[in-house]
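*Asks:* Need coordinates for the following:
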Amino acid sequence: MVATDNQNSFLNRISIRRNQVVTMEGNHDPEIEDLEHFQKHVADRFHDLLSPPDDYPSEPFLSIAWIRNLLDVFLCCEAEFKAVVLMGRDPTQITKPPLDRLVPEFLDRVVKALDICNAVSNGVESVRHFQKLAEIAVSALEQRPIGDGQVRRAKKALSSLVTAMVIEDKEGQTNKMTERTWSFGRRTGVSGSNKDRAAGHFRVLSWGMSKGWSAAKQIQAMSTNMVAPRGSETSSLVQPVYIMSTIMLFVMWILVTVVPCQERTGLMTHFPLPRNLVWAQSLIGLQDKIAEEWKKKEKKCAAGLMEEMQKMEKLGQSLIEFADSFQFPVEAGRLEEVAAQVAELGEICRRMEEGLVPLQQQIRELFHRAVRSRMEVLEVLDEGGKGTPPMM
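*Replies:* Residues are numbered from 1 along each chain as shown. Got it, this is the predicted structure:
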């Protein structure tokens with residue numbers, strides 16, 4: 001709530017000030033103040049993800065709830081970024097060097113991020129399939145008295161679950177038993193050359209990914225030509241463009257690590273972050289934690305770093321061992337241990353049932369927000385090229 005209130009206050013302040021007075025040459029103080037507030041909000045939001053406040057309920061690291069918080073942070077940062085860079089600004093300001101090069105590079109990263117959103121959404125569908133298999137096993141093993149039939153049914157579901165997770169990781173492809181649902185739909189009702197051009201990109205992005213598409217290569221491509229601002233650039237519009245490019249790359253990288261995603265072989269575990277800047281410190285801390293988890297994941301061949309999936313895989317393997325050695329009647333102590341594992345697996349399924357659909361909705365919102373923002377920036381670039389007066 002506090003973060004949302006701060007954002008509303010920040011956006012309102014920019015809107016009021018820029019609608020009242022057109023910034024004159026040489027009067028940069030308000031601009032610098034906006035940049036400082038933007039950087040502080042970025043730093044505070046990612047710090048809360050890394051080290052949640054004591055008075056705020058924290059979610060398990062890389063859990064579905066934590067990932068949803070991450071996407072909320074991204075959407076808040078994206079809204080403030082547009083306010084700083086676009087709201088009430090003379091369009092010619094973002095068509096001058098070096099922004100005439102940096103902004104198109106940023107827009108290219110947006111297109112790559114849209115592809116990743118599509119791939120991640122399909123990966124969430126795979127996780128929902130894992131959930132259904134686990135629910136079958138839970139239902140069978142909750143039966144009392146437990147017999148050969150229930151154990152065989154549970155083992156079949158759990159074996160399919162663990163095998164599917166390994167296939168997702170090794171092949172980097174969607175599970176054959178899940179339906180492809182790449183498209184987030186099409187937008188209509190836009191006009192104008194820029195909107196047509198942007199909508200054309202969107203229509204292409206709405207279809208299935210090619211077999212040769214690689215999430216690892218897409219992340220690598222997004223990181224190309226990212227150079228931290230230096231000197232006077234740190235107090236200009238170069239800074240927020242760089243910050244938002246970094247945040248977008250960082251969030252897409254996390255999504256690829258936590259959710260089954262097409263072809264992650266060779267996924268980079270670190271990319272350059274400016275250690276001398278305050279807003280980047282929490283991102284560096286998160287990157288280090290996730291990179292360490294990713295290294296462990298590669299050794300275990302897990303499908304992803306999502307906390308629920310990792311626990312599900314571990315419990316599934318343990319229950320398969322129980323099924324392999326099952327003999328009736330089961331010792332009371334062993335039956336109690338299995339019951340506890342089944343209850344934990346059931347709780348994971350419940351969390352997935354509650355969280356995966358809202359997570360997909362957030363990814364869809366991020367996708368559509370990115371498409372709209374890209375069209376808005378293209379419009380401003382065209383206006384700046386025509387030498388139009390400041391937007392009021």
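*Asks:* Give me the below-cutoff pLDDT ranges for the chain.
*Replies:* Scanning the chain for pLDDT under 70 picks out 1-28, 168-208, 298-302, 386-392.
*Asks:* could you pull out the helices for it?
*Replies:* Taking DSSP state H as the test, the helices found in the chain are 2-20, 29-50, 64-85, 99-141, 148-171, 193-205, 215-222, 238-258, 281-300, 307-324, 332-386.
*Asks:* Going by neighbour count, which residues in the shortest one are buried?
*Replies:* If I follow you right, that is helix 215-222. 215-219, 222 (16 or more other C-beta atoms under 10 Å). C-beta coordinates here come from the backbone N, C-alpha and C atoms, glycine included.
*Asks:* Include distance to P60 when you put those residues into a markdown table, please.
*Replies:* Converted to a markdown table, these look like this (distance: C-beta to C-beta, whole Å):
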| residue | distance to P60 |
| --- | --- |
| A215 | 24 |
| A216 | 26 |
| K217 | 30 |
| Q218 | 27 |
| I219 | 24 |
| M222 | 27 |
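*Asks:* Show me which of those residues is closest to I290.
*Replies:* I219 (12.7 Å; C-beta to C-beta).
*Asks:* which residue of this structure sits farthest from its center?
*Replies:* Largest separation from the mean C-alpha position in the chain: P329, at 47.3 Å (C-alpha atoms, centre = their mean).
*Asks:* The spatially closest residue to that residue that is not a sequence neighbour - how many residues pack around it?
*Replies:* The spatial neighbour of P329 that comes closest, neighbours along the chain excluded (C-beta to C-beta, 6 or more residues apart in numbering), is P145 at 7.9 Å. Residues within reach of P145, counting by other C-beta atoms under 10 Å, total 9.
*Asks:* Phi and psi next, for P145.
*Replies:* Here is the backbone geometry of P145 (degrees, to the nearest 10): phi -70, psi 150.
*Asks:* Over to M87?
*Replies:* When quoted as degrees, to the nearest 10, the phi and psi of M87 stand at phi -60, psi 120.
*Asks:* Check E331 too.
*Replies:* Dihedral pair for E331: phi -60, psi 140, per degrees, to the nearest 10.
*Asks:* Tell me, how many residues neighbour it?
*Replies:* Counted with other C-beta under 10 Å, residues neighbouring E331 total 9.
*Asks:* same question, E336
*Replies:* 10.
*Asks:* Can you tell me the number of residues neighbouring F326?
*Replies:* Using other C-beta under 10 Å, F326 has 18 other residues around it.
*Asks:* Now it. Nearest residue, chain neighbours left out?
*Replies:* V151 (4.7 Å).
*Asks:* check contacts around that neighbour.
*Replies:* 140-141, 322-323, 326 (C-beta atoms under 8 Å, 6 or more residues apart in numbering).
*Asks:* Who wins on neighbours among these?
*Replies:* Busiest of the contacts of V151 [other C-beta under 10 Å] is L141, holding 26 neighbours.
*Asks:* so what's that residue up against?
*Replies:* 150-151, 154, 319, 338, 342.
*Asks:* how does it look with 7 Å?
*Replies:* Contacts for L141 (C-beta atoms under 7 Å, 6 or more residues apart in numbering) come out as 150, 154, 338, 342.
*Asks:* May I have the phi/psi pair for the residue farthest from the centre of the chain?
*Replies:* When read as degrees, to the nearest 10, the backbone of P329 gives phi -80, psi 160.
*Asks:* From L356, how far out is it?
*Replies:* Look at P329 and L356: by C-beta to C-beta, to the nearest Å, they are 37 Å apart.
*Asks:* go on, Q310?
*Replies:* 15 Å.
*Asks:* V256 reaches L267, doesn't it?
*Replies:* Yes: judged on C-beta atoms under 7 Å, V256 makes contact with L267 at a distance of 6.5 Å.
*Asks:* State the phi and psi torsions of K211.
*Replies:* Backbone geometry at K211, expressed as degrees, to the nearest 10, gives phi -60, psi -30.
*Asks:* Pull the number of nearby residues for it.
*Replies:* Around K211 there are 8 other residues, counting by other C-beta under 10 Å.
*Asks:* what about it, distance to L71?
*Replies:* According to C-beta to C-beta, K211 stands 28 Å off from L71.
*Asks:* ok, back up a step: identify whichever of the helices of the chain lies nearest to P272.
*Replies:* Of all the helices of the chain, helix 238-258 comes closest under C-beta to C-beta, at 9.2 Å.
*Asks:* gap between that closest one and the chain center?
*Replies:* Computed by C-alpha atoms, centre = their mean, to the nearest Å, the chain-centroid distance of helix 238-258 equals 9 Å.
*Asks:* Repeat that for stretch 343-356.
*Replies:* Its chain's C-alpha centre and that of stretch 343-356 lie 21 Å apart, by C-alpha atoms, centre = their mean.
*Asks:* Ok, stretch 151-167 next?
*Replies:* Centre to centre, stretch against its chain (C-alpha atoms, centre = their mean), the figure for stretch 151-167 is 28 Å.
*Asks:* So which bits of it are buried?
*Replies:* Of the residues in stretch 151-167, those buried by neighbour count under the rule 16+ other C-beta under 10 Å are 151, 153-155, 157-162, 164-165, 167.
*Asks:* And these, which is closest to D29?
*Replies:* Nearest to D29 among the buried residues of stretch 151-167 is M165, at 54.8 Å by C-beta to C-beta.
*Asks:* So V256 and L267 - more neighbours on which side?
*Replies:* V256 (25 against 20).
*Asks:* got the contact list for that one?
*Replies:* Counting by C-beta under 7 Å, 6+ apart, V256 touches 116, 120, 215, 219, 264, 267.
*Asks:* now these in CSV, with distance to V278?
*Replies:* Below are the contacts of V256 laid out as CSV (distance: C-beta to C-beta, whole Å):
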residue, distance to V278
I116, 27
V120, 29
A215, 30
I219, 25
R264, 31
L267, 28
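*Asks:* Among those, give me the pair with the biggest separation.
*Replies:* It's V120 and L267 that sit farthest apart of the contacts of V256, by C-beta to C-beta, at 13.2 Å.
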